[in-house]
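Enquirer: let me see the structure of the following:
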Amino acid sequence: MFNGLTDRLTKIFNKLSGRGLITESVMEETAREIRIALLEADVALPVAKDFINRVKEKAVGQEVVRSVQPAQMVIKIVHDELVDLLGKPQDLKFQPNTQNVYLMVGLQGSGKTTSSAKLALKLKKLGKKVLLASLDTYRPAAQEQLADLGKSYGLDVLSIVAGEKPLQITERALKEAKLGLYEILILDTAGRLHIDDEMMQEVARIRDLSNPQETFLVVDSLMGQDAVNVAKEFKEKVGVSGVILTRVDGDARGGAALSMRTVTGMPIQFLGVGEKADAIEAFDAKRVADRILGMGDIVGLVETAIEKTNQEDIEQQAMQMMSGHFDLNDLLKQFEQMEKLGDMKSLIKMMPAKLIGNLDESKIDNRLIKRQKAIILSMTAKERENPEIIKASRKLRIASGAGVKVEDVNKLLKGYEQMADVMKKFKKIGPLGMLSRFKQMSSMLKGMPGNGGGFPPFNV
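Expert: Okay, the predicted model is just below:
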């Protein structure tokens, strides 16, 4: 979402390199460029002006700390102000040993139903017993959509009773949640194509009946400043405790996220970062500011690795490497671990800009790993254990079986040989040799079909 803003800010900060003092004239020029970058990112004008004034006030006249470049000084100031601008999310209101209701509101098409299911799954993983209920009796198949998502995600969803009105469904959901000893009840209300009094009155009646601990407004980040306007309307007419911003992984310019808290006073609580069931994350201002300034989200990357990889498998592979043995079966396991991490484009966005360079994300193809796996799986067990026996005729058979060219098989084998050499030396190199492993994994994938020349997640 912030790619354009990140690129602009990176160029601005690069221009400051080599200066010994941040003078007022230098800061004026820099501030003007940052202001333009914010406005082009669809940040509200009053928000951008106030932000720039605070940055200038802190930056002008400050001497650069020894060994610290002026650009780094400005980046720190901008980073701190971004964190303040984005604000801290509030802790979720949750009362133990009682029923907690989370009300989901928003316009139609904002991703409200999907977000309800994602939030329920996230809470379930935290050990909470959650019940979902759809109050949308207006949009065709809306209730069925939530039921299907619940089935896919393994969530409990209130049964559908034909002819019931939203308030009747709310009453039944409250009773069912109490009888079933559910800790959290998530009510997915109906959306509309635009804000109208009838919708607001209905949502208000549901709010009064359910007495929710949290009322989440789900807004589509692709709406830009319109998302902020919608938030202001819902806050005034319904009362909202927090915002869930969806489609953050899309082409939105980021202005809604940067303006939301200042304009509405409401914190962003969660970000929808993809279509998958687990593609929702708690909002963290510092991590978002890191991404905006091209620092990546290393914490998020590590969390993803921990969540999606098997610790036992990793330990077993580490022991294998310490022994110095490495065959194509081991390489296959490496590819499988990488595949578990998920969408490579999402992972790339977590990497610091300096590591990614001028990578064209459009050329990143997640099917690349599948092709490498297909090549290895087209080999016999003997060939995987003894790659040195793979000669011309065998390469031709393997390429045909995997649906690739012989040169692709050659590239994989060459990459394997480079990695195998590293593994043989690993015992002498020690743990720091893991860095070489990542570099080799990157090198062996350079130039393969669908990759733009490199494998950024491991290009460290």
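Enquirer: which elements pack onto whichever strand or helix holds residue 9?
Expert: Element membership for residue 9, per DSSP states H and E: helix 3-14. Here helix 3-14 touches helix 24-40, helix 70-86, helix 285-292, going by 3 or more C-beta pairs under 8 Å, 6 or more residues apart in numbering; DSSP states H and E. (Glycine included, C-beta is placed from N, CA and C.)
Enquirer: quick one: it to helix 285-292, angle?
Expert: 80 degrees (axes from the mean of the first three to the mean of the last three C-alpha atoms, to 10 degrees).
Enquirer: contacts for helix 3-14, please.
Expert: With contact meaning C-beta atoms under 8 Å, 6 or more residues apart in numbering, helix 3-14 is reached by 30, 33-34, 36-38, 40-41, 71, 74-75, 78, 253-254, 291-294, 349, 353.
Enquirer: low-confidence ranges, the stretch 201-350 of the chain, go.
Expert: Low-confidence segments of the stretch 201-350 of the chain (pLDDT under 70): 251-253, 294-324, 340-350.
Enquirer: can you give me the strands in the stretch 151-300 of the chain?
Expert: 156-157, 184-188, 214-220, 242-246, 268-272, 280-282 (DSSP state E, counting those that start in this stretch).
Enquirer: give the contact list for residue 390.
Expert: Counting by C-beta under 8 Å, 6+ apart, residue 390 has contacts 379, 383, 398, 409, 413.
Enquirer: using a markdown table, please lay out the residues you listed together with pLDDT, distance to residue 108 and secondary structure.
Expert: Converted to a markdown table, the contacts of residue 390 look like this (pLDDT from 0 to 100; distance: C-beta to C-beta, whole Å; DSSP: H, G, I helix; E, B strand; the rest coil):
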| residue | pLDDT | distance to residue 108 | secondary structure |
| --- | --- | --- | --- |
| 379 | 94 | 52 | coil |
| 383 | 93 | 55 | helix |
| 398 | 94 | 51 | helix |
| 409 | 93 | 51 | helix |
| 413 | 92 | 53 | helix |
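Enquirer: just give me the residue closest to the centre of the protein.
Expert: Against the mean C-alpha coordinate of the chain, by C-alpha atoms, centre = their mean, the closest residue is residue 273 at 4.4 Å.
Enquirer: how much space is there between that residue and residue 380?
Expert: 41 Å (C-beta to C-beta, to the nearest Å).
Enquirer: one more: residue 367?
Expert: Taking C-beta to C-beta, one finds residue 367 at 24 Å from residue 380.
Enquirer: what helix or strand does the residue of the chain positioned farthest from its centre sit in?
Expert: Largest separation from the mean C-alpha position in the chain: residue 393, at 44.7 Å (C-alpha atoms, centre = their mean). Assigned by DSSP H and E, residue 393 belongs to helix 392-402.
Enquirer: contact partners of that helix?
Expert: Helix 392-402 is contacted by residues 371, 374-375, 377-379, 383, 390, 405-406, 408-410 when judged by C-beta under 8 Å, 6+ apart.
Enquirer: so which of those residues belong to helices?
Expert: Members of the contacts of helix 392-402 lying in helices (criterion: DSSP state H): 371, 374-375, 377, 383, 406, 408-410.
Enquirer: just the buried residues from these, in ChimeraX please.
Expert: Buried subset of the ones in helices among the contacts of helix 392-402, written as a ChimeraX selection, criterion 16 or more other C-beta atoms under 10 Å:
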select :371,374,375,383,408,409
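Enquirer: export the ones in helices among the contacts of helix 392-402 as JSON lines, with columns for distance to residue 169.
Expert: Formatted as JSON lines, the ones in helices among the contacts of helix 392-402 follow (distance: C-beta to C-beta, whole Å):
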{"residue": "371", "distance to residue 169": "48"}
{"residue": "374", "distance to residue 169": "49"}
{"residue": "375", "distance to residue 169": "53"}
{"residue": "377", "distance to residue 169": "50"}
{"residue": "383", "distance to residue 169": "60"}
{"residue": "406", "distance to residue 169": "62"}
{"residue": "408", "distance to residue 169": "56"}
{"residue": "409", "distance to residue 169": "59"}
{"residue": "410", "distance to residue 169": "62"}
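Enquirer: which one of the ones in helices among the contacts of helix 392-402 is nearest residue 16?
Expert: Set against residue 16, the nearest of the ones in helices among the contacts of helix 392-402 by C-beta to C-beta is residue 371 (43.1 Å).
Enquirer: which residue is the nearest non-sequential neighbour of that closest one?
Expert: Take residue 371 and drop its neighbours on the chain: the residue closest to it by C-beta to C-beta, 6 or more residues apart in numbering is residue 404, 6.2 Å away.
Enquirer: verify the stated contact: the one you found with residue 377.
Expert: No - with contacts counted by C-beta atoms under 8 Å, residue 404 stays clear of residue 377, the gap being 11.9 Å.
Enquirer: with just CA atoms, put stretch 281-293 into CSV.
Expert: Taking C-alpha atoms only, stretch 281-293 is exported to CSV below (Å, rounded to 0.1, in the frame of the first residue of the first chain):
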residue,chain,number,x,y,z
GLU,A,281,-2.7,-8.6,11.6
ALA,A,282,-2.9,-6.4,14.6
PHE,A,283,-2.0,-2.8,13.8
ASP,A,284,1.4,-1.7,15.0
ALA,A,285,2.3,1.9,14.3
LYS,A,286,6.1,1.4,14.6
ARG,A,287,6.1,-1.5,12.2
VAL,A,288,3.9,0.4,9.7
ALA,A,289,6.3,3.4,10.0
ASP,A,290,9.2,1.0,9.4
ARG,A,291,7.6,-0.2,6.1
ILE,A,292,6.8,3.4,5.0
LEU,A,293,10.5,4.4,5.4
